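Peer 1: Can you look at this prediction? I've put the sequence above it.
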Amino acid sequence: MQNLGISILFKGRNILRLLGGLWITVKISLLSVAVSIVLGILLGILMTRKNPVTKVLTRIYLEFIRIMPQLVLLFLVYFGLSKTFNINLPGQASAVIVFSLWGTAEMGDLVRGALISIPKHQYDSGAALGLTRFQIYFYIIIPQTLRRLIPLSINLATRMVKTTSLIVLIGVVEVLKVGQQIIEANRFQAPTAALWIYGTVFFLYFIVCYPVTRLAGRLEKRWQN
Amino acid sequence: MNDTEVLLEIRNLEKDYGDTRVLKNITFAVKKGEVIVLVGPSGCGKSTLLRCINGLEPIRSGEIRLDGRTITDGKTEWTEIRQKIGMVFQSYDLFPNMTVLQNVILGPTKVQGRSRNEASAEAENMLDRVGLLDKASAYPRQLSGGQKQRAAIVRALMMNPDIMLFDEVTAALDPEMVREVLDVMLELAENGMTMVIVTHEMAFARAISDRIIFIDAGEIVETDSPDVFFTRPKSQRAKKFLNLFSYE
């Protein structure tokens, strides 16, 4: 007898397993986003430097990471390193490294854009008051940059959360993989389980990303200049 | 205070942008309490000259002395000198992330280390004088151009400068707001503030200045009292320039 797909969801510990998978997704995303924000800010500041060497190096890094599909980067770090240098990174660590590399590049470009969009006169006005370079950045430039950055970087963060679904392919069991396992295990009793389980996975991604985008919208409204 | 004391002295100042000499052999002195207006065609170097005075632009050669002290010898602590030189820009440039009050007390509290309460009290007093007390907790985006510019003037004055530089402060304003800003400057002049002003408002230049310095193509062409400059300028270049403002 064939069960209704939905009953699979409530069978055994399936919901808990899905939530466990979601936690892996969220953990990898949070770590990568945190690293990306910190390193991205530094990279962005570096990218606004006039020094031609830093300019070229940061540009190459950015283009390289952007052109490369994230999946290729994941394979490169997970399989490439282990085969060539005998460095055996666990899947989750590889994922955090790759998403941080990617996020840092994207974040760096956002920071660069936000920094150069601050009119030169803001620096001049600060300097004319006798503020030091550090004070100008701390009190004037960075607060304004953050306001421009927050909506953009939240958008980036949600993109990163979504893209973590790729790490299935390096064997990390996250929410999507758990979903697949549940479906596979119940293939014969409940062929319609795919709809229900993937629907639930969809919903789980939604409840992670939606509040974040809402927050971005709110901040944007509040900080409108 | 000795009224004839020289406060700002500029000697043989030269400035390049790339291969172009934008200021040539600029020499003049400003006495305490004096109001100098720099006039000249757009792009003649007036604004650059102001920016050189407080170190926002490096100079090629020459000397600038403030209160007897050379400030262009490379050892200058600009953060210290700039507290004595107030500057107001054409595009107001209030800091959009702060309220008007926060804007005007930023310098006093962070640069001069004055207490927040004391600086706020003085700021409110000064904002009141320029008619902006009710805007103290407003953000710059909620202000008109004229109000922003008056707030920017207060921000510069809060540092208690010895001299004020005004760089075409009314050029970006709607005509009906020009007056409110010029009135603030006139009041400052009456109270004895030393000022160097770049402006295209000729009637105002004539009313406020003690001396007019006419600059063309990066050099000082003539220096006159306002009456002489506007009625019988000596040089051909000044005559030609002044003709641009008359419709006879």
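Peer 2: Done, it's in. Note that the structure is a prediction, hence the values are computed from the model and not measured.
Peer 1: by contact count, what packs against whichever helix in chain A runs longest?
Peer 2: Identified as the longest helix of chain A according to DSSP state H is helix A:14-47. Contacts defined by 3 or more C-beta pairs under 8 Å, 6 or more residues apart in numbering or on different chains; DSSP states H and E place helix A:14-47 against helix A:52-67, helix A:91-116, helix A:142-163, helix A:175-185, helix A:193-222. All C-beta atoms are positioned from the backbone trio N, CA, C, and that covers glycine.
Peer 1: Contact partners for the most centrally placed residue in chain A?
Peer 2: Residue closest to the mean C-alpha point of chain A, counted by C-alpha atoms, centre = their mean, is A:M160 at 2.7 Å. Shown in contact with A:M160 (C-beta atoms under 8 Å, 6 or more residues apart in numbering or on different chains): A:S29, A:S32, A:V33, A:S36, A:F99, A:W102, A:G103.
Peer 1: One more: B:N54?
Peer 2: Contacts of B:N54 by C-beta under 8 Å, 6+ apart are A:A128, B:W78, B:I81, B:R82, B:I85, B:M87, B:L165.
Peer 1: Could you pull up phi and psi at it?
Peer 2: The phi/psi pair for B:N54 (degrees, to the nearest 10) reads phi -110, psi 20.
Peer 1: now the contacts of B:N54 as CSV including neighbour count?
Peer 2: Putting the contacts of B:N54 into CSV (neighbours: other C-beta atoms under 10 Å in any protein chain shown) gives the following:
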residue, neighbour count
A:A128, 29
B:W78, 16
B:I81, 19
B:R82, 25
B:I85, 25
B:M87, 26
B:L165, 27
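Peer 1: Greatest separation within those residues: which pair is it?
Peer 2: Based on C-beta to C-beta, the longest span within the contacts of B:N54 runs between B:W78 and B:L165 and measures 14.1 Å.
Peer 1: Around chain A, which positions in chain B sit nearby?
Peer 2: Contacts of chain B with chain A, taken as C-beta under 8 Å from any C-beta of the partner chain, map to B:51, B:54-56, B:78-83, B:85-87, B:89, B:91, B:93-97, B:106-107, B:110-112, B:141, B:152, B:155-156, B:159.
Peer 1: Which among those count as buried?
Peer 2: B:51, B:54-56, B:78-79, B:81-83, B:85-87, B:89, B:91, B:93-97, B:106-107, B:110-111, B:152, B:155-156, B:159 (16 or more other C-beta atoms under 10 Å in any protein chain shown).
Peer 1: any weak-confidence spans in chain A?
Peer 2: For chain A, residues meeting the criterion pLDDT under 70 lie at A:1-6, A:8-9, A:224-225.
Peer 1: Show me which residues of it sit near chain B.
Peer 2: By C-beta under 8 Å from any C-beta, the residues of chain A that approach chain B are A:119, A:121-122, A:124-132, A:135, A:139-140, A:143-144, A:147, A:225.
Peer 1: Verify the stated contact: A:R66 with A:A105.
Peer 2: Yes. Applying C-beta atoms under 8 Å, one finds A:R66 in contact with A:A105, separated by 6.3 Å.
Peer 1: Pick out whichever of these two has more residues nearby.
Peer 2: A direct count of neighbours by other C-beta atoms under 10 Å in any protein chain shown for A:R66 and A:A105 places A:A105 higher, at 22 against 11.
Peer 1: so who does that one touch?
Peer 2: With C-beta under 8 Å, 6+ apart, A:A105 has these contacts: A:G40, A:L43, A:Y61, A:L62, A:I65, A:R66.
Peer 1: Can you tell me the SS state at residue 75?
Peer 2: Went with chain A since none was named. Here A:F75 is recorded as helix under DSSP: H, G, I helix; E, B strand; the rest coil.
Peer 1: what about B:S246, how many neighbours?
Peer 2: Neighbours of B:S246 (other C-beta under 10 Å): 7.
Peer 1: mean confidence for stretch B:112-125?
Peer 2: For stretch B:112-125, mean pLDDT rounds to 94.
Peer 1: Identify all contacting residues around it.
Peer 2: Stretch B:112-125 is contacted by residues A:G130, B:Q83, B:L101, B:V104, B:I105, B:P108, B:T109, B:L133, B:A136, B:V154, B:M158, B:M159 when judged by C-beta under 8 Å, 6+ apart.
Peer 1: swap in stretch A:25-35?
Peer 2: A:92, A:95-96, A:99-100, A:103-104, A:156-157, A:160-161, A:164-165, A:167, A:172, A:174-176, A:208.
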